[in-house]
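1. Make a model of this:
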Amino acid sequence: KVGVCGAWCDTEFRLGRGLGRMSPEELLDAVKGDAPIVVCTGGEPGLQLDDALVRDLRLAGFRVHVETNGSVELPEVDWITLSPKPPLQVKIARADEVKCIFPDVDPEDWKHLAHHVFVQPRDDNDGLLGRADRWAECVEYVQAHASWCRLSLQTHKLLGIE
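-> Below is the predicted model of the structure:
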C-alpha cells in the first residue's frame with residue numbers, strides 16, 4: 001500500500017543524483033569551507049549517518065544538523081529537523097523542530113516533541129495558483145495557533161530553483 005507520502009513527498013529515493021557514494025574522507029573534503037554547519041538531508045540521511053561520521057565532522061569543526069523523516073534512529077547530532085512522512089513510523093524521541101506538511105500531517109500530533117513547529121503547504125506541483133488554497137489554509141492554521149506554530153515555505157520552489 002502506498003502511504004500518504006507517496007502522494008506528496010519530494011524525495012527521489014535514489015542515491016546521490018548521479019554522484020555515487022563517497023567515503024567519509026571524500027565527504028569531509030567536499031564540505032571543507034567557512035560554513036560552520038553541515039546539514040545532512042536528502043532521502044533519509046539516517047540510513048548513512050553514523051557515530052563515526054558525526055565525530056569526524058565535529059573534529060573538523062562542524063556542527064551537524066539533520067533533516068529526517070524520523071523513520072530510523074540517529075546518532076547524537078546538534079540539531080534535528082523532523083518532517084514526518086506517514087505512514088512511516090517515527091522512531092526518534094527528540095527533535096529541535098518539526099515541519100508538518102499540511103494538511104496531511106497534523107501539527108497537533110507533534111507539538112509535544114519540539115520547541116519549533118512549522119506547517120508547510122503540500123506541493124502537488126500544480127503551479128502557484130494551485131498552491132494558493134493550501135497556502136491560505138496554512139496561514140489560517142498558523143494564525144489560529146500562533147502561540148506555538150509557524151509557517152514554512154519552500155523558498156527555492158517559489159523562486160523556481162530545484
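2. can you pull the pLDDT of L15?
-> pLDDT, L15: 42.
3. likewise P36?
-> So P36 comes in at 92 (pLDDT).
4. close enough to count as contact, it and G61?
-> Yes - judged on Cβ atoms under 8 Å, P36 makes contact with G61 at a distance of 7.1 Å. C-beta here means a position set from N, CA and C on the backbone, and glycine is covered the same way.
5. Not counting sequence-adjacent ones, nearest residue to E97?
-> Spatial nearest neighbour of E97, chain neighbours left out: H116 (3.8 Å); criterion: Cβ to Cβ, 6 or more residues apart in numbering.
6. neighbours around the one you found, how many?
-> Neighbour count for H116, taken as other Cβ atoms under 10 Å: 15.
7. ok, it - contacts?
-> D96, E97, V98, R150 (Cβ atoms under 8 Å, 6 or more residues apart in numbering).
8. give me the element the spatially most central residue of the chain is part of.
-> Residue closest to the average C-alpha location in the chain (Cα atoms, centre = their mean): E67, at 3.7 Å. Using DSSP states H and E, E67 maps to strand 63-68.
9. so after that strand, what's the next helix or strand?
-> Heading C-terminal from strand 63-68 (DSSP H and E), you reach strand 79-82.
10. Tell me which strands that following strand pairs with, and in which orientation.
-> Counting by DSSP bridges, the strands paired with strand 79-82 are strand 63-68 (parallel), strand 97-102 (parallel).
11. thinking I80 is in contact with A95, fair?
-> Yes - I80 lies in contact with A95 (Cβ under 8 Å); the separation is 4.6 Å.
12. number of nearby residues for A95?
-> 24.
13. what's the answer for the one 10 residues further on, then?
-> The local packing of V105 (other Cβ under 10 Å) involves 22 other residues.
14. same thing with the one 3 residues further on?
-> For E108, the neighbour count with other Cβ under 10 Å is 12.
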